Each structure stands twice: as structure tokens, then as C-alpha cells.
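Asks: structure, please.
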Amino acid sequence: MIINILGTEYTIIRSTAKKHPLLNETDGFMDESTKEIVIIKNRKPSPGNSEYHLMANEKAVLDRTLRHEIIHAFIAESGLSKSSTQWDEEIIASFFDLQIPKMLKAFQEADCI
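Replies: Next comes the predicted model:
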């Protein structure tokens, strides 16, 4: 699947850790150099990750992960990544991946979309 991020095409790839070893450490990542967002295809619960216990619905976790990585792409394409630290970006992406569904609902309720 290809999506448009501020005029740049990014390919969303659902993959395995075998094909993308970084997925051994995370459920998804954004690669600005290749314009790819890679999300794990078959997620396995990890006892050390509290998110797995909080969100039993695999689709909800993967949707949140995909939103998170899309937000990273927006940060990169807007040029904000050049003036922020990785920590800043993680805080911003985590905030918005959690809040965008709630914000979207409020915008719809206010009929301002």
C-alpha cells in the first residue's frame, strides 16, 4: 500500500522479522531513506512489554503502531526531525498515536472536518 505524506509517497509493508530483522525489537519502524513504513505481520506477545497486556486486541495494537510510524513520517517530511531529538519525536508520535482517534471523534462531533 502506498500513502502520501506531505507530497512524498511512502510504502507500507507488512513483514516478518525474518525479512526485516529490526522487527525483532519493535512492531514497526519508518525508514526515511527508503520511504517505507514496515509493520510486523504476525505479532507475538512479549511478556516484557506492558502494551501487550493492556491491549489484547492485536488489530488495535498494530493500528496504533501504524499510526505511530505514519506520524514519524510526517515529522520527517515536515523537516521537524532535523530540529528535534529522537526522544522528542517518540513523545510526539506516542501522544498523537493515542490521541488522534479521540481528536477525530471530537472533530466529527463538532462537524469541523
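Asks: what packs against whichever strand or helix holds M103?
Replies: Using DSSP states H and E, the element containing M103 is helix 86-109. In terms of contacts (3 or more Cβ pairs under 8 Å, 6 or more residues apart in numbering; DSSP states H and E), helix 86-109 is packed against helix 58-78. Backbone N, C-alpha and C define where each C-beta goes, glycine included.
Asks: can you point out the buried residues in the helix it packs on?
Replies: For helix 58-78, burial by neighbour count (16 or more other Cβ atoms under 10 Å) applies to 61-62, 64-77.
Asks: quick check: buried residues in the helix holding M103?
Replies: Those would be E89, I92, A93, F96, D97, for helix 86-109 by 16+ other Cβ under 10 Å.
Asks: for the residues you listed, which two are the farthest from each other?
Replies: Spatial extent of the buried residues of helix 86-109 (Cβ to Cβ) is set by the pair E89 and D97 at 11.9 Å.
Asks: okay, the buried residues of helix 86-109 in a markdown table with distance to E9 next?
Replies: Converted to a markdown table, the buried residues of helix 86-109 look like this (distance: Cβ to Cβ, whole Å):
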| residue | distance to E9 |
| --- | --- |
| E89 | 21 |
| I92 | 23 |
| A93 | 20 |
| F96 | 21 |
| D97 | 21 |
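Asks: of all those residues, which comes closest to D27?
Replies: D97 (11.7 Å).
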